[in-house]
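**Student:** model this:
(chains A, B, C and D)
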Number of protein chains: 2
Amino acid sequence: MTIDFRNAAEELIQHNGGRATAGRIGILAILLAEQHAITHREIEHRLPESLPLDRVTLYRALEWLVEKNLIHKVTSDDRVWRYHANREVHAHRHAHFKCTRCAQVICLDDLPEKRNWHLPAGYRFQEIELTVKGLCADCC
Amino acid sequence: MTIDFRNAAEELIQHNGGRATAGRIGILAILLAEQHAITHREIEHRLPESLPLDRVTLYRALEWLVEKNLIHKVTSDDRVWRYHANREVHAHRHAHFKCTRCAQVICLDDLPEKRNWHLPAGYRFQEIELTVKGLCADCC
DNA sequence: ACAATAAACGCAACTTTGTTGCATTTTCCA
DNA sequence: TGGAAAATGCAACAAAGTTGCGTTTATTGT
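**Tutor:** Purely as a prediction, here's the structure:
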């Protein structure tokens, strides 16, 4: 199981012209295996003991993966980035759900239309960032 | 002009059962005078020399003002809270606009309908947090 | 007007998240 | 397989925000 994610991760990394280092593979495999967007710290805890990775290296690897569009970052109100592997669903921009009790984050599929947003004169639209907050099934 | 904001601030604070200290009045007056949501640091810089306020006191005053519903906080992707005085417009929840160049934040008036968001089974909706990103008139 | 007291405040120290510079190690490919 | 480029690890730093605690201040009742 894990091995499949590792293989997929390695392939994805190489197809993007990056070096398939143990760190990157491990990180991406963790994110591929994960349903929810997770924090830097959660990734760190999921790393096997056989792969001790420096905090900074983890930050840089995540940055690289975001750049290469293999994962994406989610803003949150707790000042912590969460990361999630990109799948087909994420080809387009999408909304996120965050549980107000356990802080779990998942991806939703819709985003409101851009034209609904009448900005003041002279303002230019670029993108929408939307988080729905509530309770997840476990916390309800 | 400033004096009007100070008077309004003092009244608002007293009507909420809080002590009208120089700090709170000064802070709320600044926020009342401000069009945009501004950061802790920006507030600090706007404080007159006659009112040197400790960082911590500022944080605590802001926290109190949020609790009392006199101001509200805005989440942002730069991990910094921005604060804005509540006006009639803000009686209901609303969206925000953030300029991707100068980081200025303003309030918009609409929010998409809750029912548009079909969450997974068992999830409970609470609220929406939405930021439109783009360029403001000055940065276009 | 004034004293008592609860609420604010200021200071110092700490935490968390993330970043930067630089020397060392590793990957990849010629 | 050996050398260049890329990735890593370490140490130090930075920004935002929090906590504990002793001191000051605004309010309230007399």
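**Student:** for residue A:26, phi and psi?
**Tutor:** When read as degrees, to the nearest 10, the backbone of residue A:26 gives phi -60, psi -50.
**Student:** quick one, phi/psi of the residue nearest to it when sequence neighbours are not counted?
**Tutor:** Excluding the flanking residues, the one nearest residue A:26 by CB to CB, 6 or more residues apart in numbering or on different chains is residue A:51, at 4.9 Å. C-beta: built from backbone N, CA, C; applies to glycine. Note on residue A:51: its backbone torsions stand at phi -130, psi 70 [degrees, to the nearest 10].
**Student:** would you check how far apart residue A:51 and residue A:60 are?
**Tutor:** 15 Å (CB to CB, to the nearest Å).
**Student:** contacts for the helix or strand hosting residue A:134, please.
**Tutor:** Element membership of residue A:134 [criterion: DSSP states H and E] is strand A:124-135. Residues from elsewhere that reach strand A:124-135 (CB atoms under 8 Å, 6 or more residues apart in numbering or on different chains): A:74-77, A:93, A:95-101, A:108, A:111-112, A:114, A:117, A:119, B:75, B:77, B:100, B:112, B:117, B:119, B:123-135, B:140.
**Student:** bridging residues for the closest residue to residue A:100 other than its chain neighbours?
**Tutor:** Nearest residue to residue A:100, sequence neighbours excluded (CB to CB, 6+ apart): residue A:133, at 5.3 Å. Legend: beta-bridge partners of residue A:133 under DSSP bridges are residue A:98, residue B:127.
**Student:** who in chain A is up against chain B?
**Tutor:** Within chain A, the positions near chain B by CB under 8 Å from any CB of the partner chain are A:75-77, A:79-80, A:95, A:97, A:100, A:106, A:108, A:110, A:112, A:116-117, A:119-137, A:140.
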